[in-house]
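Engineer: From the sequence below, what's the structure:
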Amino acid sequence: MSTLNPRQFLLDLYGSAVDAVSAAKCLPDYLPEPPVNGRTLVIGAGKGAAAMARAVEQHWKGDLSGLVVTRYEHGVDCQRIEVIEAAHPVPDEAGRRAASRMMEMVRGLSENDLVLCLISGGGSSLLALPAPGITLEQKQAVNRALLKSGATISEMNCVRKHLSAIKGGRLALACAPARVVTLLISDVPGDDPGVIASGPTLPDPTTCADALAVLRKYGIDTPGSVREHLETGAGETPKPDDPRFARNEHHVIAIAQDALEAAASHARAAGITPYILSDGIEGEARDVALVHAAMAKQVATRGQPFQRPCVIISGGETTVTVRGSGRGGRNAEFLLSLAVALDGHPGIHAVACDTDGIDGSEDNAGALYAPDSLARAAEKDLRARTLLENNDGYGFFSALDDLVVSGPTRTNVNDFRAVLVL
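Structural biologist: Numbering: from 1, shown residues only. Presented below is the predicted three-dimensional model:
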């Protein structure tokens with residue numbers, strides 16, 4: 001304890017969290033038995049899709065082929081499963097072509113065939129196949145507006161499902177009558193499999209009316225064809241009582257709680273008592289930071305609700321309503337708001353990173369905060385409050401050389417936060 005390096009300790013917590021939810025560790029135990037008389041086709045999408053495909057190849061006993069789509073720079077070498085890279089979080093033409101090819105690949109399968117579907121966070125943008133009458137450009141515009149609106153991941157994916165020709169269960173229907181087994185790494189609070197990557201192989205209980213309500217709630221303007229698609233019910237998704245889902249199954253193989261518990265175990269081994277606050281925190285990143293800061297100060301000054309030294313760990317997916325023109329994802333936003341709220345309070349350190357290694361659309365996973373962060377920023381004439389109002393957490397922590405740059409982790413269970421109180 002006396003020799004604890006707070007910075008390295010927090011980085012090690014993040015590393016242990018990510019390692020615990022890697023495809024190599026989580027996937028093999030969930031592989032089904034190969035079909036006796038049929039073929040095995042592997043499909044999938046998400047930031048972890050390529051790593052999941054490689055894990056399948058390494059452990060599969062039998063023939064297989066397939067196609068998965070992942071984010072640019074998230075690919076890995078596979079021998080039998082083709083890996084295509086596309087854009088995230090705003091879809092592009094590469095993702096549209098990959099989704100179209102995937103739909104063609106699964107058509108004409110028999111009831112003896114097995115489709116193994118590998119899904120992880122980010123798959124919703126990567127499987128970009130617009131519904132008939134809707135263009136890719138229109139989907140891109142709606143997606144950009146949703147990303148800036150502060151909508152939750154469940155709300156965004158509700159809209160995405162109803163503007164798609166592949167998501168919201170439609171991919172599974174295209175596979176019928178083959179059996180579909182879906183393995184999912186969850187990036188959504190609550191771990192609802194139908195929300196992860198907009199549930200391409202899962203039935204969807206939400207409706208076009210729900211999607212319209214989300215667009216109204218956030219004041220998002222939509223082209224006439226998009227609104228007509230929803231208002232007429234043309235975008236309705238297959239529901240849970242559809243018999244074509246009867247033979248299918250799904251397994252959520254990694255969740256945020258797994259990552260948090262791994263980090264907690266690492267903390268105990270280092271002599272620091274961990275407290276997991278929640279694995280499903282949502283809300284504005286800057287507001288979530290205020291709660292974490294208040295709790296950390298209460299621990300530091302009152303010994304409530306925990307005694308120090310301790311580390312407060314949390315996960316989930318916060319949101320950022322973009323009002324400024326700065327750079328920075330939700331974790332940098334959280335940490336900058338935390339820095340302002342703590343105002344240099346002694347003995348409190350923190351890390352906030354995305355478990356996929358990419359904070360929003362930047363090149364960092366997140367950042368680190370220390371009690372001297374504001375003082376070091378002041379020496380560089382950086383005003384934390386001003387940068388926060390400009391949504392420029394990246395700029396703040398970059399100037400301090402406190403960004404965490406891990407590169408793509410090829411998994412994704414969303415945010416990881418740890419606040420260390422010494």
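Engineer: Tell me how far stretch 163-172 lies from the chain's centre.
Structural biologist: Centroid separation for stretch 163-172 versus its chain: 19 Å, with Cα atoms, centre = their mean, to the nearest Å.
Engineer: May I have the distance across it, first residue to last?
Structural biologist: End-to-end distance for stretch 163-172, by Cα to Cα, to the nearest Å: 17 Å.
Engineer: what about that stretch, average pLDDT?
Structural biologist: Computed over stretch 163-172, the mean pLDDT rounds to 97.
Engineer: Please point out which parts of it sit buried.
Structural biologist: By neighbour count on 16 or more other Cβ atoms under 10 Å, the buried set for stretch 163-172 is 163-172. Where you see a C-beta, it was placed from the backbone N, CA and C, and this is true even at glycine.
Engineer: now the strands: where do they sit in the stretch 101-250 of the chain?
Structural biologist: With DSSP state E, counting those that start in this stretch as the criterion, the stretch 101-250 of the chain has strands at 114-120, 179-185, 249-254.
Engineer: just to revisit the earlier point, closest one of the buried residues of stretch 163-172 to residue 247?
Structural biologist: Checking the buried residues of stretch 163-172 against residue 247 with Cβ to Cβ, the nearest one is residue 172 at 10.1 Å.
Engineer: Next up, the contacts around the nearest residue to residue 195 once chain neighbours are set aside.
Structural biologist: Nearest-residue entry for residue 195: residue 188, 4.6 Å, with adjacent residues in sequence omitted and distances by Cβ to Cβ, 6 or more residues apart in numbering. For residue 188, the contact set (Cβ atoms under 8 Å, 6 or more residues apart in numbering) comprises 121, 153-154, 157, 195-196, 317, 414.
Engineer: In ChimeraX, how would I select just the buried ones from these?
Structural biologist: The buried residues among the contacts of residue 188 can be selected in ChimeraX (16+ other Cβ under 10 Å) with this line:
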select :121,153,154,157,195,196,317,414
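Engineer: Reformat the contacts of residue 188 as JSON lines; add distance to residue 365.
Structural biologist: Conversion of those to JSON lines gives the following (distance: Cβ to Cβ, whole Å):
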{"residue": "121", "distance to residue 365": "14"}
{"residue": "153", "distance to residue 365": "18"}
{"residue": "154", "distance to residue 365": "24"}
{"residue": "157", "distance to residue 365": "23"}
{"residue": "195", "distance to residue 365": "23"}
{"residue": "196", "distance to residue 365": "20"}
{"residue": "317", "distance to residue 365": "15"}
{"residue": "414", "distance to residue 365": "12"}
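Engineer: for this structure, which helix is longest?
Structural biologist: Taking DSSP state H as the assignment, the helix of the chain that covers the most residues is helix 285-302.
Engineer: ok, of the contacts of residue 188, which one's closest to residue 310?
Structural biologist: residue 414 (22.9 Å).
Engineer: so that closest one makes contact with residue 255?
Structural biologist: No. Contact status for residue 414 versus residue 255: not in contact, 9.6 Å apart, counting by Cβ atoms under 8 Å.
Engineer: hmm, back to that, run through the neighbouring helices and strands of the longest helix of the chain.
Structural biologist: strand 273-281, strand 310-316, helix 330-342, strand 348-354, strand 415-421 (3 or more Cβ pairs under 8 Å, 6 or more residues apart in numbering; DSSP states H and E).
Engineer: May I have the longest one as PDB, with CA atoms only?
Structural biologist: Just to be clear, that refers to helix 330-342. Extracted in PDB, the C-alpha atoms of helix 330-342 (Å, rounded to 0.1, in the frame of the first residue of the first chain):
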ATOM      1  CA  ARG A 330     -18.100  10.500 -23.000                       C
ATOM      2  CA  ASN A 331     -15.200   9.200 -20.800                       C
ATOM      3  CA  ALA A 332     -13.100  12.300 -21.300                       C
ATOM      4  CA  GLU A 333     -16.200  14.400 -20.700                       C
ATOM      5  CA  PHE A 334     -16.900  12.500 -17.400                       C
ATOM      6  CA  LEU A 335     -13.300  12.900 -16.200                       C
ATOM      7  CA  LEU A 336     -13.200  16.600 -17.000                       C
ATOM      8  CA  SER A 337     -16.400  17.200 -15.200                       C
ATOM      9  CA  LEU A 338     -15.000  15.200 -12.300                       C
ATOM     10  CA  ALA A 339     -11.900  17.300 -12.300                       C
ATOM     11  CA  VAL A 340     -13.900  20.500 -12.100                       C
ATOM     12  CA  ALA A 341     -16.000  19.200  -9.300                       C
ATOM     13  CA  LEU A 342     -13.100  17.800  -7.200                       C
END
